[in-house]
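> Predicted structure and sequence below. I'll ask about it afterward.
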Amino acid sequence: MRYDLVIKNGVVVTAVTTFPADVAIDGDTIVAVGRGLRGRREMDAAGKLVLPGAVDMHVHLQMPIGRFVSTDDFYDGTVAAAFGGTTSIIDFVETGPEETMVDAIAARRALADGRVVVDFGLHMTITPTDMPKLEQVAAAFAAGCTSFKLYMAYGHRLDDGQLLRALTAVHAVGGLPVVHAENWDVIQALVAENVAHGRTSPHWHPRSRPALFEAEAVGRVIDMAAFVGAPVHIFHVSCGVAAVRIAAARARGLPVTGETCPQYLFLTQEVYDRPGVEGALPVCAPPIREEFEQEALWTAVQRGDLPVITTDHCPFTAAEKATGLDDYSQIPGGVPSIEMRLAAMYGGGVARGWLTLPQWVAVCCTTPAQLMGLARKGHLAPGYEADVVIFDPDAPWTVTPQTLHETAGWTPYEGLTLPGRVQTTIIRGQVVVADGELQVGAGYGRYLRG
C-alpha cells in the first residue's frame with residue numbers, strides 16, 4: 001500500500017518512548033507508524049528525530065497593552081512558531097465593556113483567521129468588568145474557549161471574592177481556569193516605595209515582585225480551586241517556592257498543573273542591570289529571578305511538578321520598552337520566545353541531561369495538547385492529525401534576531417548556541433516549513449475549538 005506521504009528512517013519520539021519507524025500520512029491524518037512503509041511522496045529523516053508538532057498554550061500575539069500592541073501579529077508570530085516547530089498556539093481574547101464573550105471571540109477570530117499559519121485557539125479572559133457576564137461562560141465554552149484566564153495582578157486583577165466566583169463559573173461548564181498568580185497588593189506597595197525613593201531602573205523590577213509572594217498567590221488560588229472542586233493551571237512559574245506549592249498540591253491528588261518558560265530557565269535577573277534600554281528589554285512578569293531558581297525550575301520540570309513549557313510570548317520593540325526607563329513599572333512587559341522554545345528545551349533540557357527525549361516531547365507537545373482538549377494533536381499514532389516535526393539534533397545554531405523570524409528586532413537569548421533545530425514542520429499533512437522556507441500562505445491555520 002502507498003500512502004500520500006511517508007516520513008522514513010527517522011527516530012520517532014513520543015511522550016512515552018522512542019523507536020525507529022516510518023510515519024505514514026493520508027490527507028490530514030497519520031494512518032500508520034511502522035517499518036518499510038511506502039509513499040507516493042517520501043521524506044528521508046535518517047539521523048533525525050520525528051516528533052508531534054509542538055503546542056504553545058500561552059502566547060500573546062497582536063495584544064494591546066496600554067499604548068502599545070505586542071509586536072508580532074497573527075501572521076508574523078505564527079510564521080515564527082512554525083519555523084520553531086510549534087504547530088498549534090493558544091492566544092487570548094478579552095471583552096469590551098458592553099461586548100458579550102461570544103462577540104469578543106468572533107472579533108478576535110476576525111483578526112486571526114485569515115492571517116495565521118499554524119492552528120490556533122483562544123483562552124477567554126475574565127476581568128472585573130466581566131463579573132456581570134459570568135452566565136456567558138457556557139456560551140464562550142461552546143464557541144471554543146474551553147480555558148479561562150484569571151488574573152491576580154494588573155488592572156485585570158480579580159479580588160478573592162471575584163476569583164472564587166469565576167472559578168465556580170468556569171468549573172460549572174467543565175472549563176479549565178488558567179491563572180496569573182502574583183500578590184498585586186504587595187507588588188504595588190513595593191513599587192510605590194521604590195519609586196518614592198528614586199529607585200526607578202529595571203534593577204528594581206524583580207525586587208518589587210518577590211518570589212515568596214508569587215508562591216503565596218499560587219497557594220491561595222490552589223486552595224480556592226480545591227474548595228470549589230475545580231482543576232487549575234498556573235501560568236509562567238518563575239521560582240522554586242511556587243513550584244513547591246504546585247508539587248504539594250499534586251501530591252495530594254489535586255488536579256493542579258503548572259508551567260514555566262524559557263526566560264526563567266535560561267536567564268537570570270542580572271539582565272535587568274544592563275545599561276539603558278538593554279536592561280528594560282527583558283522586563284516581564286513574573287520577573288526573571290536569581291540564578292539558583294534555574295536549577296529549582298529544571299528540577300521541577302524533570303520531576304513532572306511543572307509538566308508544561310510555554311513561552312508567554314509577548315514582545316515589544318526596544319523603542320516601546322524604552323518609554324519606561326524613568327519608571328520601571330511602566331515598561332511594557334513581555335519577551336519573545338515563540339520560535340526558540342522547542343530547540344531550547346532540547347538543548348538546555350535533553351542535551352544537558354535534565355530531560356529524556358520523551359519528557360521533552362511531553363512538556364512541549366503532548367501534555368499541553370491534552371490540557372487544551374486537543375484530542376487529535378500532540379501524539380504520533382494512527383488517527384491523530386498529521387502535525388509532525390522533523391528535528392535535526394546535529395544542526396547547531398546561534399540564537400540572534402537574524403536567525404529568528406520574530407519582528408521585535410531583539411531577543412533576550414542572543415548568543416545562545418543550541419545543538420539542534422527544526423528542519424521540517426508539517427501541519428495536518430501539509431509541509432509548512434522545510435529547509436528554511438515557508439511553504440504556505442497566510443490563513444492556512446485553523447481555529448481550534450478545544
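All right, it came through fine.
> so how far is Thr268 from the residue nearest to Asp435 when sequence neighbours are not counted?
What sits nearest to Asp435 in space, not counting adjacent residues and going by CB to CB, 6 or more residues apart in numbering, is Gln423, at 7.0 Å. Any C-beta I mention is one placed from the backbone N, CA and C, and that applies to glycine too. Counting by CB to CB, to the nearest Å, the separation of Gln423 from Thr268 is 31 Å.
> between these two, who's got more neighbours?
When Gln423 and Thr268 are compared for neighbours, Gln423 comes out ahead with 19 against 16, by other CB atoms under 10 Å.
> contact partners of the host helix or strand of the more buried one?
Taking DSSP states H and E as the criterion, Gln423 maps to strand 421-427. By CB atoms under 8 Å, 6 or more residues apart in numbering, the list of residues contacting strand 421-427 from outside reads 25, 43, 48, 53, 82-85, 87, 118-119, 342-343, 386-392, 395, 397, 431-435, 444-445.
> can you rerun that using 6 Å?
Residues outside strand 421-427 that contact it (CB atoms under 6 Å, 6 or more residues apart in numbering) are 82, 85, 87, 343, 387-392, 395, 397, 432-434.
> Stretch 153-165 too?
Residues contacting stretch 153-165 (CB under 6 Å, 6+ apart): Thr127, Met131, Leu150, Tyr151, His180, Glu182, Trp184, Met224.
> if we go to 8 Å?
For stretch 153-165, the surrounding residues in contact (CB under 8 Å, 6+ apart) are 94, 125-128, 131, 134, 150-152, 166, 180, 182, 184, 187, 220-221, 224, 227-228, 285.
> export it as CSV, just CAs?
The C-alpha coordinates for stretch 153-165 follow below in CSV (Å, rounded to 0.1, in the frame of the first residue of the first chain):
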residue,chain,number,x,y,z
ALA,A,153,-2.4,41.2,39.1
TYR,A,154,-2.7,44.3,36.9
GLY,A,155,-5.9,46.1,36.1
HIS,A,156,-7.5,42.8,35.2
ARG,A,157,-6.9,41.6,38.8
LEU,A,158,-9.8,39.7,40.4
ASP,A,159,-10.1,40.1,44.2
ASP,A,160,-10.5,36.9,46.2
GLY,A,161,-14.3,37.0,46.1
GLN,A,162,-14.4,37.6,42.3
LEU,A,163,-11.8,34.9,41.9
LEU,A,164,-13.9,32.4,43.8
ARG,A,165,-17.0,33.3,41.7
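> quick one on the thing from earlier: pull out the buried residues from the contacts of stretch 153-165.
Among the contacts of stretch 153-165, the ones that count as buried by 16 or more other CB atoms under 10 Å are 94, 125-127, 134, 150-152, 166, 180, 182, 184, 187, 220-221, 224, 228, 285.
> Report how many residues lie close to Tyr346.
26.
> Can you find the helix or strand in this protein with the smallest mean pLDDT?
The helix or strand of the chain with the poorest confidence is strand 64-65; it has a mean of 90 (mean pLDDT, DSSP states H and E).
> His379 contacts Pro52, correct?
Yes: using CB atoms under 8 Å, His379 is in contact with Pro52, at 5.4 Å.
> anything in contact with each of those two?
Counting by CB under 8 Å, 6+ apart, the common neighbours of His379 and Pro52 are Thr14, Cys365, Thr366, Ala369.
> ok so, going back, distance check, the residue nearest to Asp435 against Gly441.
Distance, Gln423 to Gly441, using CB to CB: 21 Å.
> distance between the host helix or strand of Val301 and the chain's centre?
Per DSSP H and E: Val301 is located in helix 291-303. Relative to its chain's centre, helix 291-303 lies at 18 Å (CA atoms, centre = their mean, to the nearest Å).
> Strand partners (parallel or antiparallel) of the longest strand along the chain?
In the chain, with assignment by DSSP state E, the single longest strand is strand 2-13. Neighbouring strands of strand 2-13 in its sheet, by DSSP bridges, are strand 18-26 (antiparallel), strand 38-44 (parallel), strand 49-52 (parallel).
> Kindly compare burial across these and name the winner.
Mean neighbour count (mean count of other CB atoms under 10 Å) peaks for strand 49-52 among the strands paired with strand 2-13, with a mean of 28.
> what residues does that one touch?
By CB under 8 Å, 6+ apart, the list of residues contacting strand 49-52 reads 7, 10-14, 18, 21, 23, 85, 357, 361, 365-366, 369, 377-380, 384, 387-393.
> Give me the contacts around the helix or strand following it.
Next along the chain after strand 49-52, taking DSSP H and E as the criterion, comes strand 54-56. With CB under 8 Å, 6+ apart as the test, strand 54-56 has contacts from 81, 84-90, 310-311, 313, 338, 341-342, 364-365, 368-369, 372, 374, 377-378, 389.
> Can you flag which of those belong to strands?
Using DSSP E, these in strands are Thr86, Thr87, Ser88, Ile89, Ile90, Val389.
> quick one: contacts for the closest residue to the second one other than its chain neighbours?
Across the structure, with CB to CB, 6+ apart as the measure, the residue nearest Thr87 apart from its sequence neighbours is Gly53 (2.8 Å). Residues counted as contacts of Gly53 (CB under 8 Å, 6+ apart) are 85-88, 365, 377-378, 387-389, 425-427.
> Over to Gln302?
Counting by CB under 8 Å, 6+ apart, Gln302 has contacts Trp354, Leu355, Gln359.
> Excluding covalently adjacent residues, which one is nearest to the first one?
Pointing back at Trp354 there. Nearest non-adjacent residue to Trp354 (CB to CB, 6+ apart): Trp298, at 4.8 Å.
> Outline the domain layout of the chain.
Annotated domains of the chain cover 2-51+379-438, 53-371 [automatic domain parsing].
> Can you give the distance of stretch 82-91 from its chain's centre?
Worked out by CA atoms, centre = their mean, stretch 82-91 lies 9 Å from the chain centre.
> Could you do stretch 87-99 as well?
With CA atoms, centre = their mean, you get 15 Å for stretch 87-99.
> same question, stretch 50-60
With CA atoms, centre = their mean, you get 7 Å for stretch 50-60.
> Over to stretch 55-67?
Centre-to-centre, stretch 55-67 and its host chain are 10 Å apart (CA atoms, centre = their mean).
> same thing with stretch 142-161?
The chain centre lies 17 Å from the centre of stretch 142-161; the measure is CA atoms, centre = their mean.
> end to end, how far does that stretch reach?
Length of stretch 142-161, first residue to last, CA to CA, to the nearest Å: 26 Å.
> what's the answer for stretch 173-192, then?
Distance across stretch 173-192, first residue to last, is 40 Å (CA to CA).
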